[in-house]
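> Pasting the sequence and the predicted model now:
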Amino acid sequence: MATAFQGKTADDSSIRPKKSFLARWVYWALGQRLLALLALVVIVGVGINSLTRFPIDGLPDISNVQVQVITEAPALGPQEVEQLITFPLEIALTGMPRLTQLRSISKYGLSQITAVFEDGTDVYFARALINERLKGAENQLPAGAEQPVLGPVSTGLGEIYIFELRGGSRYTPMELRTLMDWTVIPRLKSVKGVAEINPMGGFVKQYQVRLDPERMLGYGITPKKVFEALEANNANSGGGYATDAGGEQTIIRGEGLVVSTEDISDIIVDRSHGTPVYLRDVAEVAIGNQLRQGVITRDGTDGTVVATVLMRAGENANGVVKAVKARVAEIAKELPEGVKIVPHYDRTDLITAAIKTVTTNLVEGALLVTAILLLMLGNIPGALITALVIPLSMLLAITGMIVGGVSGNLMSLGAIDFGLLVDGAVFMVENIILRLSEERPAEGKERLAVIGAAAAEVAKPVAFAITIVTVVYIPIFGLSGVEGKLFQPMAFTVILALVASLVLTLSLVPLACYFAFAKKLPEERETLIVSWVRPPYEWAVERLMGKWLPISLLCGGIFAASLTLVPLLGSEFVPNLSEGSLVINMRRPPAASLDEGARQTKLVEKAVREFPEVVTAFSFTGHPELATDTNKSENSDVFVILKPQKEWKSAKTQPELVAKIEKRLKGVVPGVTVAYTQPIQQRVNELLSGDRLDIALRIFGPEINELDRIANRSAAIIKKVPGAADVRAETVRGLPVLNIKVDRARLAQNGINVREVLDTIEATRAGKIVGTIYEGRQRFSLAVKFDDASIDDLEDTRRLPVTSQDGRIVPLDAVVDITTDNGIAQISHREGERVITVGMNVRGRDLGSFVAAAQQAVDEQVKLPKGYRMVWGGQFENYQSALSRLQILVPLALALIFLLLYSSFGNLKPGILIFLNVPFSLVGGLVALWLRGMPLSVSAGVGFITLFGVAVLNGIVLVTTIRTMQQAEGLSAEKAALKGARERLRPILSAALLASIGFIPMATATSAGAEVQQPLASVVIGGLLTCTLFTLFALPVLYPVICGDPGGPNRPSLWERLRKFLPAPAEKPRSRPPQGDGSYTPPA
């Protein structure tokens, strides 16, 4: 079994340890046995230590580097927010270094700008840049607008833990919210890795002065007097210090803070004819709640108080969640009796499920690989030595991952094929067993020499084979954006593991064989599987020899036929990962109130809870106090927490369950558009593209009304395209607005300034904040507002009091014009342009063909006015980016493979012959995708890159053996090819089985995260099947034609055979003698 490269035999001086670096390495490891064993102990020790510190997560974080700028202006409508806040801030932020995208949303009272930076930008550097730019723009903001604040340093995977504070009937929602804000959250914020905690639900406590317009008229009191009185009667002061005769110092301080509703009621507002008018005379002082911006319901009930823990960017989710849960356990002991913390969403559930998928696949793969080793090698010690490479390689790889900052997740660990890791060890052990069984050394030194010679003999082909597979992963680092963040950790880990397996194969495998075969030398014998396969294989190959033309035509026909599958497969970006939870996004008309949203979510929750797969359902309507999202009352997210999939009864897969829920919810909440997604998927989509759904059609243009018309028309067309799901146009109109516009002429007649009017308007519902009430470390706002019962309708609003310059009180409608209108609900920008989005998901169809059909339908039926344009984004944008990259990277991978082949053989012909495995491996990959109903995706593309590297390995082994026999034994090309095929049957079958068997658990897994792995594994398994058939049957037949000796008397060259099919030339060319390397150059 000679396997040295380029015709070298074991006795040739070029492979002796003095001449070959790899051979010297092998002999050194055998000579330094104690040192090698010590190195093994170090590897195990360091690896186990690395395992204890190994960061674990479910998925790599694919979020971009972004910073949100949030500005609240309660008095401004969407158009005013756009004009007075968003525009100035966008101009200030434009042109920052490394800025790639700027988008914004302007809504009633809220401006949110998202600045996206190049990947690799330090997020704190980006925040510092933005803070610097904001300082110059803050003085341009209108009165009443709050200072811009930056969103938390979090990512699309930042929402790691959602919990509820539950107290039963003993505690009101306000008491629970106060406990959440001032007891639970401060303790949790100190946990390392937590960026922010967003509470929502319940009622935020507020001290309220509720004005009675009629009593105010009776006493001649205006809102302005109340504001001034409260501001002047709620403060502390310091008077310095005094020193007495004894030299002691005494601090002088004045205490004037109000601490209770009684203190507030006793404040004097005015003196009417010498009689004090107290606040209690014109208003009711009570404890109420802030005007809510969001509401939470759970399982059809109200009053839920929930908080979401956001993880800081760059932290490890598994570690942070564990720390949060440990702190929650501590806090739970300190809560009042009857109050408990109930978790609803825990990222570790997904992490555990994903890692369980990875672990199961790896363990099953390792067991299958070990079983194949036993079957193919027929030697238990040899199989166990080979299998030992797997855990040792992984320990070294994990150590490298920690150094490289790569976490263990579904992508970084999920695509490792243990069959690839042991390929080199299989060749090494097989050759050692063969040499030991042939030479039967009697003493330890002789055994050591035989093992050294056998290991050195295959060191070069082993190193070259592993190098090819390793190098083919390098182009994956050229992927950018989302696809790069998904697959680069995988490439990094596989390269580490392959390099580790090479080091172990050359260092420890020969040494392990030396100790394993010390007492009993192995016997080289045919295993059961090979003994079954060999007779029919040899019979077939013997009859195929010489029939190169039919074989070539057959292979070419099969390859051409496989290409016809490409348009049938369809395409997508990456398969969606089943997270174990659903999000039902509900969008109502902008006029819908929070109360109506809560009523509808309760109906949906009750309907969803009918499914046995559902653990709980809770809903977010609106947004929390820190507006990290721009949801208003028209938007609700219903989180549906599911049981483990093995416990499901009414559905087997998540898409099937979604379809049943969708059917059940039809008609439950009429007039509401519903979309189905998942927590992480929705969050990542929103952060990456600004839309929660998978595909976004963005329409750019200057006029809101025209944009709205085009968007609704496009949405109606797209709904009719097969595969369209959850299609909806962004709602930009329909927000009811009560416009109170001052009449400056009438103001001047009554001697009233605008501020007086605006103060009255501000006190209608939200209330004007005039101070803070302290209760220990807790603090609550003090607000002045008109009593809700006194302004039930528009007429009550018209009669609100405003004070003239001479002290007269006039009704509000005497100086303003009051109108109602359906105004603009929101205005979106992208790169400073107005934009409206039509969002959609795809179900039952691949993404590529759906977008192509939707584009065609929209282009044919929607005529855009001048100045308007459409751009398709979302996952389709990511898909296009990935496709353009793969069109470069796949040819680059092929070029690298060919260059390595050429550099190894120093001749084009063997390289070309081996390279023919690549197109034939493509056949199996395409057929595997077609049989499994999987579209082409980035996962499949990465699988093809992996496959191309693996596909040439067996070809290298076979061609190397044939060339060695041809040159060392003087055999003809045909006889050498036939003999080489017979001799290399077992290692070729072993390598192919090992590589494909290692991927079978990934290809057949159905647990969490398997969707991403299945296309990659299916491609490799299918491709290995077809390229192995090509190697075993076609390659020996084609070798004499492509690489054979054309000067032989009985074998005309390929050129001579092809000439029979060509017209006869005018003049017969002169023949040339064969070249020194056995190649033949036809005459010009």
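Thanks, I have it.

> what about G238, which SS state?
strand (DSSP: H, G, I helix; E, B strand; the rest coil).

> now it: how far from Y345?
Separation of G238 from Y345 (Cβ to Cβ, to the nearest Å): 48 Å. To be clear about C-beta, it is placed using only N, CA and C from the backbone, and glycine gets the same treatment.

> same check, this time on L165
In terms of Cβ to Cβ, L165 sits 15 Å off from Y345.

> Between those two, which has more neighbouring residues?
L165 (27 against 22; other Cβ atoms under 10 Å).

> Surely that one is in a strand?
Yes: per three-state DSSP, L165 lies within a strand segment.

> hang on, it packs against T178?
No: counting by Cβ atoms under 8 Å, L165 stays clear of T178, with 10.2 Å between them.

> So V342 lies in a strand, does it not?
Yes: looking at V342 with three-state DSSP, it is inside a strand.

> Nearest residue to it in space, please, no chain neighbours.
Closest residue to V342 apart from its sequence neighbours, by Cβ to Cβ, 6 or more residues apart in numbering: E164 at 4.7 Å.

> The one you found bridge partners, please.
E164 forms beta bridges with V306, V342, as assigned by DSSP bridges.

> buried stuff in stretch 790-801?
Across stretch 790-801, burial judged by 16 or more other Cβ atoms under 10 Å covers 790-791, 797, 800-801.

> Residues touching that stretch, excluding its own?
Here stretch 790-801 makes contact (Cβ atoms under 8 Å, 6 or more residues apart in numbering) with 211-214, 216-217, 222-223, 738, 740, 760, 764, 786, 809-813, 818, 820.

> Next, the distance between the ends of that stretch.
By Cα to Cα, to the nearest Å, the extent of stretch 790-801 from end to end equals 12 Å.

> try stretch 861-877
23 Å.

> Please, where are all the helices along the stretch 901-1050 of the chain?
908-915, 917-931, 938-968, 973-983, 985-1004, 1010-1029, 1035-1042 (DSSP state H, counting those that start in this stretch).

> If you could redo that for the stretch 751-900 of the chain, that was the one I meant.
754-762, 794-798, 847-861, 875-905.

> Reformat those helices as a markdown table; add distance to G77 and mean pLDDT.
Below are the helices of the stretch 751-900 of the chain laid out as a markdown table (distance: least, Cβ to Cβ, whole Å; pLDDT from 0 to 100):
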| stretch | distance to G77 | mean pLDDT |
| --- | --- | --- |
| helix 754-762 | 13 | 82 |
| helix 794-798 | 17 | 77 |
| helix 847-861 | 31 | 91 |
| helix 875-905 | 32 | 84 |
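
> Which of these sits closest to V721?
helix 847-861 (4.9 Å; Cβ to Cβ).

> List of residues touching that closest one?
Under the contact criterion Cβ under 8 Å, 6+ apart, helix 847-861 has outside partners 570-573, 694-695, 697, 713-714, 717-718, 720-724, 840, 842, 870, 872, 875-876, 879, 935-936.

> hmm, try it at 6 Å
The contact list for helix 847-861, computed with Cβ atoms under 6 Å, 6 or more residues apart in numbering, reads 570-572, 714, 717-718, 721, 723, 842, 876.

> picking up where we left off before, and the helices of the stretch 901-1050 of the chain: which comes nearest E610?
Ranking the helices of the stretch 901-1050 of the chain by proximity to E610 (Cβ to Cβ) places helix 1010-1029 first, at 26.7 Å.

> How far off centre is the closest one?
Remark: helix 1010-1029 is offset 23 Å from the chain centroid, using Cα atoms, centre = their mean, to the nearest Å.

> Just the C-alpha atoms of it, please, in CSV.
Extracted in CSV, the C-alpha atoms of helix 1010-1029 (Å, rounded to 0.1, in the frame of the first residue of the first chain):
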residue,chain,number,x,y,z
ALA,A,1010,-31.5,22.0,12.9
GLU,A,1011,-33.1,24.1,10.1
VAL,A,1012,-29.8,25.9,9.5
GLN,A,1013,-27.6,22.8,9.5
GLN,A,1014,-29.8,20.6,7.3
PRO,A,1015,-29.0,22.2,3.9
LEU,A,1016,-25.3,22.2,4.6
ALA,A,1017,-25.2,18.6,5.7
SER,A,1018,-27.5,17.4,2.9
VAL,A,1019,-25.2,19.0,0.3
VAL,A,1020,-22.1,17.3,1.7
ILE,A,1021,-23.7,13.9,2.0
GLY,A,1022,-25.2,13.9,-1.5
GLY,A,1023,-22.0,15.3,-3.0
LEU,A,1024,-19.8,12.7,-1.3
LEU,A,1025,-21.9,9.9,-2.6
THR,A,1026,-21.6,11.0,-6.3
CYS,A,1027,-18.0,12.0,-6.2
THR,A,1028,-17.0,8.7,-4.5
LEU,A,1029,-18.7,6.8,-7.3
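
> picking that back up, mind checking which of the contacts of helix 847-861 are in strands?
V842 (DSSP state E).

> Okay, and which of the contacts of helix 847-861 map to helices?
714, 717-718, 876 (DSSP state H).

> Tell me which residues are up against the host helix or strand of P535.
Assigned by DSSP states H and E, P535 falls within helix 528-544. In this structure, residues lying in contact with helix 528-544 by Cβ under 6 Å, 6+ apart are 375, 981-982, 986, 1036-1037.

> how about low-confidence regions in this structure?
1-19, 272-273, 377, 415, 524-526, 625-628, 807, 1007-1009, 1044-1084 (pLDDT under 70).

> distance between the ends of stretch 328-344?
OK, stretch 328-344 end separation, Cα to Cα: 13 Å.

> how far is that stretch from where the chain is centred?
32 Å.

> Now it: buried residues?
In stretch 328-344, counting by 16+ other Cβ under 10 Å, buried: 328, 331, 339, 341, 343-344.

> In a markdown table: these, plus distance to F898.
A markdown table is the format used below for the buried residues of stretch 328-344 (distance: Cβ to Cβ, whole Å):
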| residue | distance to F898 |
| --- | --- |
| V328 | 58 |
| I331 | 62 |
| V339 | 69 |
| I341 | 61 |
| P343 | 55 |
| H344 | 55 |
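
> Out of the residues you listed, which is nearest to V69?
H344 (29.8 Å).

> Counting neighbours, what do you get for the residue nearest to V342?
20.

> How about the contacts made by it?
Counted by Cβ under 6 Å, 6+ apart, E164 has contacts 304, 306, 342, 344.

> Over to A893?
472, 475, 945, 948.

> tell me the phi and psi of the residue sitting furthest away from the middle of the chain?
Residue farthest from the centre of the chain, counting by Cα atoms, centre = their mean, is A245 at 72.7 Å. With angles defined as degrees, to the nearest 10, A245 shows backbone torsions of phi -60, psi -30.

> May I have the residues that are in contact with V69?
Neighbours of V69 in contact, by Cβ under 6 Å, 6+ apart: 113, 148.

> following the helix or strand harbouring it, which helix or strand shows up next?
Using DSSP H and E, V69 sits within strand 65-72. Sequence-wise, the next helix or strand downstream of strand 65-72 (DSSP H and E) is helix 78-81.

> how does this structure divide into domains?
As given by automatic domain parsing, the domain ranges for the chain are 64-154, 205-239+253-289+736-824, 526-564+907-1044, 581-735+826-876, 1052-1084.

> Switch those domains over to a markdown table; also include distance to I185.
Formatted as a markdown table, the domains of the chain follow (distance: least, Cβ to Cβ, whole Å):
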| stretch | distance to I185 |
| --- | --- |
| domain 64-154 | 13 |
| domain 205-239+253-289+736-824 | 12 |
| domain 526-564+907-1044 | 30 |
| domain 581-735+826-876 | 11 |
| domain 1052-1084 | 77 |
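
> These: which one's closest to I296?
domain 581-735+826-876 (6.2 Å).

> May I have the strand holding V69 as CSV, with CA atoms only?
Extracted C-alpha coordinates of strand 65-72, given in CSV (Å, rounded to 0.1, in the frame of the first residue of the first chain):
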residue,chain,number,x,y,z
VAL,A,65,-23.3,48.1,15.1
GLN,A,66,-26.0,50.7,15.7
VAL,A,67,-26.9,53.5,18.1
GLN,A,68,-30.5,54.8,18.7
VAL,A,69,-31.1,58.5,19.4
ILE,A,70,-34.5,58.9,21.2
THR,A,71,-36.1,62.3,21.6
GLU,A,72,-39.5,62.8,23.2
